[in-house]
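> My questions are about this predicted structure, shown below with the sequence.
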Amino acid sequence: MSRNIVYFDLETKRTANDAGGWDKKRDMGMSIGVTYSTRDQAYRIYDEKRVNDLIDELLKADLVVGFNVINFDYEVLMGYTILDLPHQCRTLDLLVELEKTLGHRLGLDAIASATLQVGKTADGLDAIRWYREGKMLEIAEYCCFDVKCTKLVHEYGVEHRQLFYVDRFKQRKSVPVTW
């Protein structure tokens with residue numbers, strides 16, 4: 001049986017300000033979570049009522065790949081479970097790995113745009129506004145696109161052993177990766 005890599009992202013119902021600060025990520029609430037499983041070759045969309053199914057899929061994965069999942073997405077999910085997800089899920093957090101190499105953080109959009117010439121379609125604040133407007137389909141589409149960007153960036157890194165970004169001087173730079 002082949003290795004099951006699960007790519008993952010979620011959007012929240014509330015901003016950090018609404019929840020009382022960045023140390024209260026568990027109170028931000030999940031509006032939509034999305035996974036892509038390489039074993040099933042399928043996307044799955046989870047609303048808050050199915051958050052336990054999402055957590056189950058992450059726990060069963062051979063590897064969870066995401067962007068800022070350890071310090072954000074898992075923290076939001078831990079508002080729904082007693083499990084310590086960063087220590088119980090086998091995880092490759094692309095942001096954490098890139099920050100180790102570069103010494104600073106970059107957004108998924110900066111990497112995807114420079115590496116794949118594909119930019120994000122919206123941002124987390126748009127998703128929160130859509131949640132308040134009841135536009136769950138828009139959130140799901142946006143979150144699926146972010147999962148696809150994460151998957152393509154990861155696969156590019158695996159194949160080419162490098163990614164690209166544009167630095168603050170507008171220079172396109174490469175960064176080696178070892179995943």
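Done, it's in.
> burial measure for residue 21, as a count.
By other Cβ atoms under 10 Å, 10 other residues sit near residue 21. Heads up, the C-betas are built off the backbone N, CA and C, glycines and all.
> Give me the mean pLDDT for the lengthiest helix in the chain.
For the chain, the helix with the greatest residue count under DSSP state H is helix 136-160. Helix 136-160 carries an average pLDDT of 97.
> After it, which helix or strand is next?
Next helix or strand after helix 136-160 toward the C-terminus (DSSP states H and E): strand 162-166.
> Now do that following strand: which elements does it pack against?
helix 108-116, helix 136-160, strand 172-176 (3 or more Cβ pairs under 8 Å, 6 or more residues apart in numbering; DSSP states H and E).
> List the buried residues of the lowest-mean-pLDDT helix or strand in the chain.
Sorting the helices and strands of the chain by mean pLDDT, DSSP states H and E puts helix 124-132 at the bottom, at a mean of 92. For helix 124-132, the buried set under the neighbour-count rule, 16 or more other Cβ atoms under 10 Å, comprises 124, 126, 127, 128, 130, 131.
> residues contacting the second one?
Residues counted as contacts of residue 126 (Cβ atoms under 8 Å, 6 or more residues apart in numbering) are residue 142.
> how far away is it from residue 145?
Residue 126 sits 12 Å away from residue 145 when distances are taken as Cβ to Cβ, to the nearest Å.
> And for the first one?
Counting by Cβ to Cβ, the separation of residue 124 from residue 145 is 13 Å.
> Please apply the same query to residue 4.
As judged by Cβ to Cβ, residue 4 and residue 145 stand 22 Å apart.
> If you count neighbours, what's buried in stretch 143-161?
Buried residues in stretch 143-161, counted by 16+ other Cβ under 10 Å: 143-151, 153-154, 156-157.
> same check, this time on stretch 112-121
Quick answer for stretch 112-121 (16+ other Cβ under 10 Å): 112, 113, 114, 115, 120.
> How confident is the prediction for residue 1, by pLDDT?
In this model, residue 1 is scored at 65, pLDDT.
> and residue 82, how many neighbours does it have?
5.
> What of residue 102?
A total of 13 residues lie near residue 102 under the criterion other Cβ under 10 Å.
> so who does the residue lying closest to it once chain neighbours are set aside touch?
Nearest non-adjacent residue to residue 102, counting by Cβ to Cβ, 6 or more residues apart in numbering: residue 175, 5.9 Å away. By Cβ under 8 Å, 6+ apart, residue 175 lies in contact with 98, 101, 102, 162, 163, 164, 165.
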